[in-house]
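Asker: give me a model of this one.
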Amino acid sequence: MAPPLAAPRFYTALPRRLLLRPQKPLPCWRRKARPDDQDLYVDDDIGDGFSFSGGKYAEAEGPSKSDEWFAQGRMVKAHALYGNKEKAKDPFFGLTMGKGSQSSDDVFSWFCVETGSSSNPTVLLIHGFPSQAYSYRKVLPVLSDKYRSIAFDWLGFGFSDKPQPKYGFDYTLDEYTSALESLIDAVAPGKLSIIVQGYFAPIVVKYANEHQDKLNHLILVNPPITDKHAKLPSTLACFSNFLLGEIFSQDPLRASDKALTSSGPYMMKEEDATVYRRPYLVSGSSGFALNAITRALGKDLKGYIESMRSILASDSWNTKTTICWGMRDRWLTYDGVANFCDGLKHKFVELPMAGHHAQEDRGEELGNIIKRILSG
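Answerer: Modelled structure (predicted):
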């Protein structure tokens, strides 16, 4: 396990010339955690000028919830950039973007949090859209006694790299499928079980179909299954709107906790909301990525859903599969889900009090369900 990491520090995203001021000494808890390799981290003090707000928590004494979460993880190198290493430029003025919008190396850096003994069976926890590995914070401790559990941030989310679209990664669903394969090869070269939630499920099923020999079990949590699910809810679709999409995707509240809480009954605590907001406060890179991903989903999600249904219904699909469904999902209708599962050999589990992001609504409950499924 790599040493704890130091979370990036940030101020309000203002032009560089306005941020040239004497720097305060780092508090002792930051100095101890600071790694020698600085190239993996967002510029400590300067955003890229595209965040609409930020810096509210920069002056807090001691670690924040986001700092504490970051310190539990490590950066994993996986999936090479395409094309050359040209510096990313913003799409409006052609200016070179800040460090947060640049890839950190020839190979992308992914933020991963791991719990449990390396000698235990491996479980990979994959967050949905638009979320972070942080959503599994209550699931990880439940699994840690029997499983080596790994949660990661997708590229474009959380603390993972967020390259500017067209500069090494375009956030298409095909690219995500290829990138997932690279990450799994890096963190779990042996057999594993995968739990995936939400709109990234079709990507994972496509990967799993090509690597059934690696999988012990696949658990899908509120995946888009029916044709109705191919249309994004307005809360998400707004991020791909012409012109307004670029604005909405840069709004830290709209793009993070407001989007998450609109999907179900979950009432998010302020300290948890700050973790989800932080990437959007650091720089505009998260917003640009969100805009690109939403456009890709609008274009290709329907085809991926149809492919997923075909794979799960195929006679050649031999992976043990369970579908868990938060019954209070406000984004994906339950109509047609049970009928689809009834005609297949897959297990179906209902979570009556959970919404779309079941790991947020009922983290411990979902963790125990996962344990029962994997041990069965």
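
Asker: show me where the stretch 201-350 of the chain has helices.
Answerer: Using DSSP state H, counting those that start in this stretch, the helices of the stretch 201-350 of the chain run over residues 201-210, 234-237, 244-248, 252-255, 257-261, 270-282, 285-313, 337-342.

Asker: which one of those helices lies nearest to Ser64?
Answerer: Smallest distance to Ser64 across the helices of the stretch 201-350 of the chain (Cβ to Cβ): 6.5 Å, for helix 270-282. C-betas here are computed from N, CA, C, even on glycine.

Asker: pull the CA atoms of the closest one into CSV?
Answerer: Output in CSV follows, covering the C-alpha atoms of helix 270-282 (Å, rounded to 0.1, in the frame of the first residue of the first chain):
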residue,chain,number,x,y,z
GLU,A,270,-22.9,19.4,4.2
GLU,A,271,-19.5,17.7,5.1
ASP,A,272,-20.2,15.0,2.5
ALA,A,273,-21.5,17.6,-0.1
THR,A,274,-18.1,19.4,0.1
VAL,A,275,-16.3,16.3,-1.0
TYR,A,276,-18.4,16.1,-4.2
ARG,A,277,-18.1,19.8,-4.8
ARG,A,278,-14.4,20.0,-4.4
PRO,A,279,-13.3,18.9,-7.9
TYR,A,280,-15.5,21.6,-9.4
LEU,A,281,-14.1,24.2,-7.1
VAL,A,282,-10.5,23.3,-7.9
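
Asker: show me which positions of that helix end up buried.
Answerer: Neighbour-count burial for helix 270-282, counted by 16 or more other Cβ atoms under 10 Å, picks out 272-282.

Asker: compute the inter-axis angle for that helix and helix 285-313.
Answerer: 110 degrees (axes from the mean of the first three to the mean of the last three Cα atoms, to 10 degrees).

Asker: picking up where we left off before, as TSV, the helices of the stretch 201-350 of the chain with mean pLDDT would be great.
Answerer: Shown next, in TSV, are the helices of the stretch 201-350 of the chain (pLDDT from 0 to 100):
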stretch	mean pLDDT
helix 201-210	98
helix 234-237	95
helix 244-248	88
helix 252-255	91
helix 257-261	90
helix 270-282	92
helix 285-313	95
helix 337-342	87
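
Asker: Ser263: neighbour count?
Answerer: Using other Cβ atoms under 10 Å, Ser263 is surrounded by 25 other residues.

Asker: now it. Nearest residue, chain neighbours left out?
Answerer: His356 (3.7 Å; Cβ to Cβ, 6 or more residues apart in numbering).

Asker: closest one of the buried residues of helix 270-282 to Leu155?
Answerer: For the buried residues of helix 270-282, the nearest to Leu155 is Pro279 (12.0 Å; Cβ to Cβ).

Asker: against Thr322, how distant is the closest one?
Answerer: Distance, Pro279 to Thr322, by Cβ to Cβ, to the nearest Å: 31 Å.

Asker: and what of Ser135?
Answerer: From Ser135 to Thr322 the distance is 19 Å (Cβ to Cβ).

Asker: show me which of these two is the more surrounded one.
Answerer: Ser135 (25 against 21).

Asker: surely that one meets Gln359?
Answerer: Yes. Contact criterion Cβ atoms under 8 Å: Ser135 and Gln359 qualify, at 4.9 Å.

Asker: anything in contact with each of the two?
Answerer: Common contacts of Ser135 and Gln359 (Cβ atoms under 8 Å, 6 or more residues apart in numbering): 127, 197.

Asker: assign Pro63 to helix, strand or coil.
Answerer: coil (DSSP: H, G, I helix; E, B strand; the rest coil).

Asker: correction: Tyr199
Answerer: Applying three-state DSSP: Tyr199 is helix.

Asker: tell me the contacts of the residue lying closest to it once chain neighbours are set aside?
Answerer: Distances taken as Cβ to Cβ, 6+ apart place Phe129 nearest to Tyr199, at 4.2 Å, with adjacent residues excluded. Each residue near Phe129 by Cβ under 8 Å, 6+ apart is listed here: 198-200, 236, 293, 297.

Asker: wasn't Phe129 part of a helix?
Answerer: No. Assessed with three-state DSSP, Phe129 is coil; it does not lie in a helix.

Asker: kind regards, and thank you for your time.
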